[in-house]
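*Asks:* build me a model:
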Amino acid sequence: MAGIPAQTQTKMAALTTGPGINCLVCRMDFGDLSYEESAWTGDLLTREIPPASKEAT
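*Replies:* Predicted coordinates:
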């Protein structure tokens, strides 16, 4: 799954409401990403996605 935070939130919401998935595992390190790039992605995910999830419920 890839995209800006709003796109990612929409995709995650579709997974958790449609098929009833209640747990998602996210892997941030793939390809040739540096540690810093992977850490930035994880930080963005924890800052942007949970607040949007709470607003949607």
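*Asks:* E37 versus I49, what's the distance?
*Replies:* Distance, I49 to E37, by Cβ to Cβ, to the nearest Å: 18 Å. Quick note: C-beta positions are derived from backbone N, CA and C, even for glycine.
*Asks:* equivalent analysis for D43, please.
*Replies:* 11 Å.
*Asks:* same thing with R47?
*Replies:* R47 is 16 Å from E37, by Cβ to Cβ.
*Asks:* then G31?
*Replies:* Distance from G31 to E37, by Cβ to Cβ: 10 Å.
*Asks:* the two: which is more packed in?
*Replies:* Applying other Cβ atoms under 10 Å to G31 and E37 shows that E37 carries more neighbours, namely 13 against 6.
*Asks:* send the alpha carbons of whichever strand or helix holds that one over as CSV?
*Replies:* Per DSSP states H and E: E37 is located in helix 35-56. Output of helix 35-56 as CSV, limited to C-alpha atoms (Å, rounded to 0.1, in the frame of the first residue of the first chain):
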residue,chain,number,x,y,z
TYR,A,35,17.0,3.5,7.7
GLU,A,36,16.2,7.2,7.7
GLU,A,37,13.7,6.9,4.9
SER,A,38,12.0,3.9,6.6
ALA,A,39,12.0,5.7,9.9
TRP,A,40,10.4,8.8,8.3
THR,A,41,7.7,6.6,6.8
GLY,A,42,7.0,5.0,10.2
ASP,A,43,6.9,8.4,11.9
LEU,A,44,4.5,9.7,9.3
LEU,A,45,2.2,6.7,9.7
THR,A,46,2.0,7.0,13.5
ARG,A,47,1.4,10.8,13.3
GLU,A,48,-1.1,10.9,10.5
ILE,A,49,-3.1,7.7,10.2
PRO,A,50,-4.3,7.1,13.9
PRO,A,51,-5.8,10.6,14.2
ALA,A,52,-7.6,10.2,10.9
SER,A,53,-8.9,6.8,12.1
LYS,A,54,-10.3,8.2,15.3
GLU,A,55,-12.0,11.0,13.3
ALA,A,56,-13.7,8.5,11.0
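*Asks:* many thanks, I have nothing further to ask.
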